[in-house]
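[1] predicted model and sequence below, questions to follow.
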Amino acid sequence: MTRRNKLEILGSVLNICKADGSSKTRIVYQVNLNFKNAGLYLDWLIKRGYLVKKERIYKTTPKGLKLSDNLNYVNSIINDVTDDELTKNDE
């Protein structure tokens, strides 16, 4: 099992909060974080304008959607390169 990096976690949080938004509880369970760490990530994203909180729902902003797309792109490239290198090592 590989450990996730902070960028993967941030991307996951932003993805979950797209469309209708998400509660903190849903984020905790879907991203597999504890409430303390989830709060730190959510606060970081809100302070920088990537998420907004309305009542108890977190929603990705247009700026957050751009970041999410960029993070997904970078993570896919990294995963492709890693997978290719691991496959070469198996041969």
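    Alright, I've got the coordinates.
[2] secondary structure class for Gly49?
    What DSSP: H, G, I helix; E, B strand; the rest coil gives for Gly49 is coil.
[3] with Tyr58 instead?
    When classified by three-state DSSP, Tyr58 comes out as strand.
[4] can you check Ala19 too?
    Three-state secondary structure (criterion: three-state DSSP) places Ala19 in coil.
[5] ok, it to Leu65 distance?
    10 Å (Cβ to Cβ, to the nearest Å). The way it works is simple: take the backbone N, C-alpha and C, and place the C-beta from them, glycine included.
[6] so which of the two has more stuff around it?
    Neighbours around Ala19 and Leu65, counted as other Cβ atoms under 10 Å, are more numerous at Leu65. The numbers are 15 against 9.
[7] surely the more buried one and Asn15 touch.
    No. The pair Leu65 and Asn15 fails to qualify as a contact (Cβ atoms under 8 Å) at a distance of 9.7 Å.
[8] for Lys6, the count of nearby residues, please.
    That count, for Lys6 with other Cβ under 10 Å as the rule, works out to 9.
[9] got any ranges where this structure has weak pLDDT?
    Along the chain, segments meeting pLDDT under 70 span 1-2, 82-91.
[10] which stretches of it form helices?
    Defined through DSSP state H, the helices belonging to the chain, from first to last, are 6-16, 24-31, 35-47, 62-90.
[11] angle of the first one against helix 35-47?
    Calculated by axes from the mean of the first three to the mean of the last three Cα atoms, to 10 degrees, helix 6-16 forms an angle of 80 degrees with helix 35-47.
[12] for helix 6-16, buried residues please.
    For helix 6-16, the neighbour count (16 or more other Cβ atoms under 10 Å) marks Glu8, Ile9, Leu10, Gly11, Ser12, Val13, Leu14, Asn15, Ile16 as buried.
[13] any idea how far Tyr58 is from the third one?
    The gap separating Leu10 from Tyr58 is 13 Å, by Cβ to Cβ.
[14] who are the contact partners of the nearest residue to Ser68 once chain neighbours are set aside?
    Residue nearest to Ser68 in three dimensions, not counting chain neighbours: Leu14, with 3.9 Å by Cβ to Cβ, 6 or more residues apart in numbering. For Leu14, the contacting residues are Leu45, Tyr50, Leu51, Thr60, Gly64, Leu65, Leu67, Ser68, Leu71, by Cβ atoms under 8 Å, 6 or more residues apart in numbering.
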